[in-house]
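Chemist: structure here, sequence nowhere to be found:
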């Protein structure tokens, strides 16, 4: 029985989401190295493994450590290398195939001085998202990194990696595919430049919007989407998925009903759903859609119902009058989260 | 040694923040029942206990259970009662003095039918925040709740409670104190109405901005601030505290430095700091201030430096050119969080 906010996962939807991406990667003949930061779950990891996935992406040394302890032995940490964790990195790279990201000669040099076992190095390329990575034109810095990596026998230069987080702000499929094609051009130009000396280098590309919307991903050697395993309301708004593809919901007890306000209050707030929201210019904020729970899952979203505000433990749900009447304190509703990665992180079993 | 995002707590600042509020409550002759949702920490709880605090507020049955297991025996769950947890509530009220919140006759009636031991009941009043609670004018509903409580021997009507979350959006001290005085008037009018029949009922008032800015809280019988134990950048912006009162910082490794962008990237993102931000009309967003860590704490914020964006694990820090030069990957900076309650929740030890 559900008595407090509880993460519900639709195994059948998760399997369908994974299967679709596995097939697309196969058709495109690219390596499929899904990002496990979204679910951070050994159990969900096993569903990937059953579909043949052997290589994964994570976003921290701690996460790499966690999955390595559960039998994953080919892991890319897609985050600028944290030089304060080189001891842990060395412990890991003794046991598993580990790839790290660098985006400066400085970090590469520091790393070169402390690595003890064979470790792969991707150069992160920033193609417009401007979070981390070197710009494609920073050839002098790239040259220097490649030179350092080339001189250290256990530092294996693996190629160029990009996370196109800018697709999250793109307007529709055409713009997203344009970002993707531009990234492919830039990554391939860099690969071609160094391919002669390093014949095994690859291009690696991330992000769920591109990988969901593109039919053909063969412009890359590897893809690393993560969010697609669950999807969420933000991906639905971007156009990456249908509502029916969203594979997680948070079951939340109803604690108060305010017919005069057309609102109900749920036990389910920022510490369950996160503070991520979708905003419109008129001040409208959306922290999640509302669904009815069914015996084996949940309904379509209730039309016009949404989480309009969250504080630490409270969520305020607005909904049309005719639906309000169906609820009373003690009921349970489901919330489709805006950002499933953050929700799943918050709802991890302690 | 700090090698990943780590919550730092200044014990001396925490003690000073608690001591100041303890003294103010004593001067005002009000019960001090601090909200423990901010820290959710047994250790911080002990600092309160040493200063004579015996009664506490929490925001969930789980939190009540946690603190009850650590010797706290007078607890108010300041959240509309969750009817799906009545079993756990009954277990708790057998062991400790437990107070619950109701804001409908429906919930009160359901609760009356399931309570087994003596339990206190506050009626939550909504005085403008419009999250949960009955409006002061909903006398018919209030009458009905009081009647139900009056007829059930182990349901003890405790009085009227308000959380003035609307102070968080107020513009300065004058407006905050005006919200507080209005709440005092409304709560006292309700108390006076029922005082004849229930001579022990009290008024209980929350929120850190009011309790920090008001010199005199004697208009109430009880205060329940929580955030003041740590304060944060939001409270500083509201005017509730000085920068020096902020008692938490998240130590974050620097992983990339981009002099051309006047930005550094830290290992410290939404899963450490939360997605809470302070926004300005021009699109400016602030997710935290940046401080230098010192041997025994941290510096004043670096002028002009702030966290401008967070994704799951990355934080982007903007700072003036002259400060950027001081940083390199492998360094550690401190971040003063925008909302310490959410940050502390995320950084709880698993």
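Modeler: All right, it came through fine. Values in this document were obtained by computation on a predicted structure and should not be read as measured data.

Chemist: going forward, measure contacts between C-alpha atoms and count neighbours the same way
Modeler: OK.

Chemist: the stretch 1-150 of chain A: strands as residue ranges?
Modeler: Taking DSSP state E, counting those that start in this stretch, the strands of the stretch 1-150 of chain A run over residues A:6-9, A:31-32, A:56-58, A:74-80, A:97-102, A:119-124.

Chemist: of those strands, which approaches residue B:224 most closely?
Modeler: When the strands of the stretch 1-150 of chain A are compared by CA to CA, strand A:6-9 sits nearest residue B:224, at 28.1 Å.

Chemist: coming back round to it: now tabulate the strands of the stretch 1-150 of chain A in CSV and tack on mean neighbour count and distance to chain B.
Modeler: Putting those into CSV (neighbours: other CA atoms under 10 Å in any protein chain shown; distance: least, CA to the nearest CA, whole Å) gives the following:
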stretch, mean neighbour count, distance to chain B
strand A:6-9, 18, 13
strand A:31-32, 22, 21
strand A:56-58, 25, 11
strand A:74-80, 24, 6
strand A:97-102, 24, 9
strand A:119-124, 24, 11
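
Chemist: check the closest residue to chain B within the stretch 101-250 of chain A and give its pLDDT.
Modeler: Nearest residue of the stretch 101-250 of chain A to chain B, counting by CA to the nearest CA: residue A:107, 6.5 Å away. If you check residue A:107, the pLDDT there is 98.

Chemist: circling back to that earlier point, dump the strands of the stretch 1-150 of chain A into TSV; add mean pLDDT as well.
Modeler: Compiled in TSV, the strands of the stretch 1-150 of chain A are given as follows (pLDDT from 0 to 100):
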stretch	mean pLDDT
strand A:6-9	97
strand A:31-32	98
strand A:56-58	98
strand A:74-80	98
strand A:97-102	98
strand A:119-124	98
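
Chemist: buried residues in stretch A:252-261?
Modeler: Going by neighbour count (16 or more other CA atoms under 10 Å in any protein chain shown), the buried part of stretch A:252-261 is A:252-259.

Chemist: of those, which ones also sit close to chain B?
Modeler: With CA under 8 Å from any CA of the partner chain as the criterion, these include A:253-256 near chain B.

Chemist: which stretches of chain A form helices?
Modeler: A:11-27, A:42-50, A:61-68, A:86-95, A:105-112, A:139-151, A:172-195, A:208-213, A:233-238, A:270-273, A:321-324, A:340-346 (DSSP state H).

Chemist: off-centre distance for stretch A:117-130?
Modeler: Distance, stretch centre to chain centre, for stretch A:117-130: 17 Å (CA atoms, centre = their mean, to the nearest Å).

Chemist: ends of that stretch, what's the gap?
Modeler: With CA to CA, to the nearest Å as the measure, the ends of stretch A:117-130 fall 31 Å from one another.

Chemist: circling back: and which of the buried residues of stretch A:252-261 is nearest chain B?
Modeler: Comparing the buried residues of stretch A:252-261 against chain B with CA to the nearest CA places residue A:255 closest, at 5.5 Å.

Chemist: tell me which residues in the strand of greatest length in chain A are buried?
Modeler: Identified as the longest strand of chain A according to DSSP state E is strand A:297-310. For strand A:297-310, a neighbour-count test (16+ other CA under 10 Å) marks A:297-298, A:301, A:305-310 as buried.

Chemist: returning to what we had before: tally of neighbours for the residue of the stretch 101-250 of chain A closest to chain B?
Modeler: 23 (other CA atoms under 10 Å in any protein chain shown).

Chemist: who's in contact with it?
Modeler: A:81, A:83, B:329 (CA atoms under 8 Å, 6 or more residues apart in numbering or on different chains).

Chemist: my guess is the last one meets residue B:256, correct?
Modeler: Yes. A contact is recorded between residue B:329 and residue B:256 when judged using CA atoms under 8 Å, the distance being 5.3 Å.

Chemist: what residues does the stretch 1-150 of chain A have near chain B?
Modeler: By CA under 8 Å from any CA, the residues of the stretch 1-150 of chain A that approach chain B are A:2-4, A:59-60, A:80-85, A:103-104, A:106-107, A:131-132.

Chemist: ok now do residue A:42, which residues does it touch?
Modeler: By CA under 8 Å, 6+ apart, the residues touching residue A:42 are A:67, A:70.

Chemist: 10 Å instead, please
Modeler: Neighbouring residues of residue A:42 by CA atoms under 10 Å, 6 or more residues apart in numbering or on different chains: A:36, A:48, A:66-67, A:69-72.

Chemist: please tell me how far it sits from chain B.
Modeler: 17 Å (CA to the nearest CA, to the nearest Å).

Chemist: pLDDT score for that residue?
Modeler: For residue A:42, pLDDT reads 97.

Chemist: same deal with residue A:206?
Modeler: 91.

Chemist: same question for the one 3 residues further on.
Modeler: According to the model's per-residue confidence, residue A:209 sits at a pLDDT of 97.

Chemist: where does pLDDT dip in the stretch 151-300 of chain A?
Modeler: In the predicted model of the stretch 151-300 of chain A, no residue satisfies pLDDT under 70.

Chemist: show me which residues of it sit near chain B.
Modeler: By CA under 10 Å from any CA of the partner chain, the part of the stretch 151-300 of chain A that sits against chain B consists of A:165, A:253-258, A:261, A:263-267, A:270-271, A:274-277.
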